[in-house]
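Novice: let's see this in three dimensions:
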Amino acid sequence: MNKQHHVKRRPLARLAGIAVSLGLITASLTGCVSDNSDPHRVAVIISGVASVSPFTTPDQPCTEGQSAGATDSFIRDYLENESIQVFTAPVMAGPGQVPSELPQDKGGPFGNCPEQLPAELTVDSTNSVDTAGKNLSAFISYVHEKYGVRQVDLIAHSLGGIFTRNAIRELQSHNSPVEVMTLTTIGSPWESPIMANTSSDPVQACDGFELCEGFMEELVAIPSINNILNFLAPESINQWTQEQTGVLDNIPVTLIAGTYFSKVAGNSAKWPNDGFIQYSAATARNVPDSVLPIRACFTEPYTHSVYTSHFAGDAPDSAITWNAQTGLIILNAIRTAHTTQQLTNRLGCPTPEK
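Specialist: A predicted model of the protein is given here:
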């Protein structure tokens, strides 16, 4: 496929929808912004499928290479510069703990990080969603016990959103003393994504999009990835989503969708997308209010990740996890957590399909 003729790159500028939504939220919350000075409240970043991210604390980033790896570093540093305390959850592409250092082509570069946590506190980003959620829940409990954390703002990229929603349910089922203040998902599949929205070869789900096909070929080569692809199939993820009813009650959720890629006459169920996740899935278009009762949506003209931007031949800041606009949206969600429940639900979100 020739990208110039078939895949349209959106201009790298703030979309009108982002500006309007942020403006509405800011206007509604004038004088009500929290300063987030409570030392017992922190942000936790969780990366997604097939990723490797090191455990870091507000006081201990990785001091060699990037502060927290390819997925988490930009957002971590952005929020830290805004006086938000940030932990990054340990995520490994496979079983076991995160290595002490990693080169650029494996999820880094990073090195000289805090001592990495054992496997039972580490998310395996290529295997069971249930196990990933339990391990993430255990990690949050560890942060509570060791660092005195009582409130968390959860920031999840890609499949990390699924891991995180599962972890919230785990925390609730065990009557955890940790309060989830906000959840922000970035390019996360709330509905079946491109890669799983097919009954046969995942590559066929790409609607002739060569960049997507390349990703799918690499994904299906990962051991145990079929567990995740089967979970993300429409029937499976829809059933799981229904089982999540009530989990996010009283938790404001911000959904950020990337729309870097578009295609003339493309399948509207798959376009526009960020290279992995289509707009409708990232904005939870058809997820009922019983599951997601307090939501606001933002659309950005960016790719799914720096990995996606690299394959698209663009700069890192074309990735949804590596630009200041995403950081600003997350920061606003954190600072207005106590008042966003007063806003109209589905602010900036698409109308459900009939």
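
Novice: give me the phi and psi angles of the closest residue to residue 333 other than its chain neighbours.
Specialist: Nearest non-adjacent residue to residue 333, counting by CB to CB, 6 or more residues apart in numbering: residue 254, 4.3 Å away. In this view, the C-beta of every residue, glycine as well, is placed from N, C-alpha and C. Reported as degrees, to the nearest 10, the phi and psi values for residue 254 are phi -110, psi 130.

Novice: what is the neighbour count of residue 278?
Specialist: Counted with other CB atoms under 10 Å, the neighbours of residue 278 add up to 29.

Novice: circling back to that earlier point, and the gap between the residue nearest to residue 333 and residue 335?
Specialist: Residue 254 is 12 Å from residue 335, where distance means CB to CB, to the nearest Å.

Novice: higher neighbour count, these two?
Specialist: Set residue 254 next to residue 335 and count neighbours by other CB under 10 Å: residue 254 wins out with 27 against 20.

Novice: what ranges do the helices span in the protein?
Specialist: Using DSSP state H, the helices of the chain run over residues 3-6, 16-28, 69-81, 129-147, 160-173, 210-219, 225-232, 234-243, 279-282, 306-311, 324-335.

Novice: what's the fourth one packed up against?
Specialist: By that I understand helix 129-147. Other helices and strands packing on helix 129-147, by 3 or more CB pairs under 8 Å, 6 or more residues apart in numbering; DSSP states H and E, are strand 41-46, strand 123-124, helix 160-173, helix 225-232.

Novice: what angle separates the first one from helix 129-147?
Specialist: With axes from the mean of the first three to the mean of the last three CA atoms, to 10 degrees applied, the angle from strand 41-46 to helix 129-147 works out at 150 degrees.

Novice: which other residues reach strand 41-46?
Specialist: The contact list for strand 41-46 (CB atoms under 8 Å, 6 or more residues apart in numbering) reads 53, 58, 68, 71-72, 75-76, 79, 84-89, 91, 123, 136, 140, 143, 147, 149-157, 160, 163-164, 181, 330, 334.

Novice: over to the third one?
Specialist: Taking contacts as CB under 8 Å, 6+ apart, the residues outside helix 160-173 that touch it are 46-48, 51, 91, 123, 125, 129-130, 132-134, 136-137, 140-141, 154, 156, 178, 180, 183, 185-186, 188-190, 231, 244, 247-248, 251.

Novice: one step back: pull out the buried residues from the contacts of strand 41-46.
Specialist: Buried members of the contacts of strand 41-46, scored by 16 or more other CB atoms under 10 Å, are 53, 58, 68, 71-72, 75-76, 79, 84-89, 91, 123, 136, 140, 143, 147, 149, 151-157, 160, 163-164, 181, 330, 334.

Novice: ok, what's across the strand from the most centrally placed residue in the chain?
Specialist: Geometric centre of the chain, nearest residue: residue 157, 1.8 Å, by CA atoms, centre = their mean. Taking DSSP bridges as the rule, residue 157 bridges to residue 186.

Novice: to residue 203, which of the helices and strands packed on helix 129-147 lies closest?
Specialist: With CB to CB as the criterion, residue 203 lies closest to helix 225-232 of those, at 11.5 Å.

Novice: could you check the angle helix 129-147 makes with that closest one?
Specialist: Using the same axes, to 10 degrees: helix 225-232 against helix 129-147 is 100 degrees.

Novice: next one: helix 225-232 to chain centre, how far?
Specialist: 17 Å (CA atoms, centre = their mean, to the nearest Å).

Novice: could you shift the numbering so residue one becomes 8, and keep it that way?
Specialist: Sounds good: first residue 8 from here, last item helix 232-239.

Novice: angle of it against helix 217-226?
Specialist: When the same axes, to 10 degrees is applied, the directions of helix 232-239 and helix 217-226 differ by 120 degrees.

Novice: may I see the buried residues of helix 232-239?
Specialist: For helix 232-239, a neighbour-count test (16+ other CB under 10 Å) marks 232, 235-236, 238-239 as buried.

Novice: what packs against it?
Specialist: Packing partners of helix 232-239 (3+ CB pairs under 8 Å, 6+ apart): helix 136-154, helix 241-250.

Novice: average pLDDT for the first one?
Specialist: Mean pLDDT, helix 136-154: 97.

Novice: my guess is residue 71 contacts residue 110. True?
Specialist: No - contact status for residue 71 versus residue 110: not in contact, 11.3 Å apart, counting by CB atoms under 8 Å.

Novice: do you know the pLDDT at residue 235?
Specialist: According to the prediction, residue 235 has pLDDT 85.

Novice: again, but for residue 13
Specialist: 36.

Novice: try the one 5 residues further on
Specialist: pLDDT, residue 18: 37.
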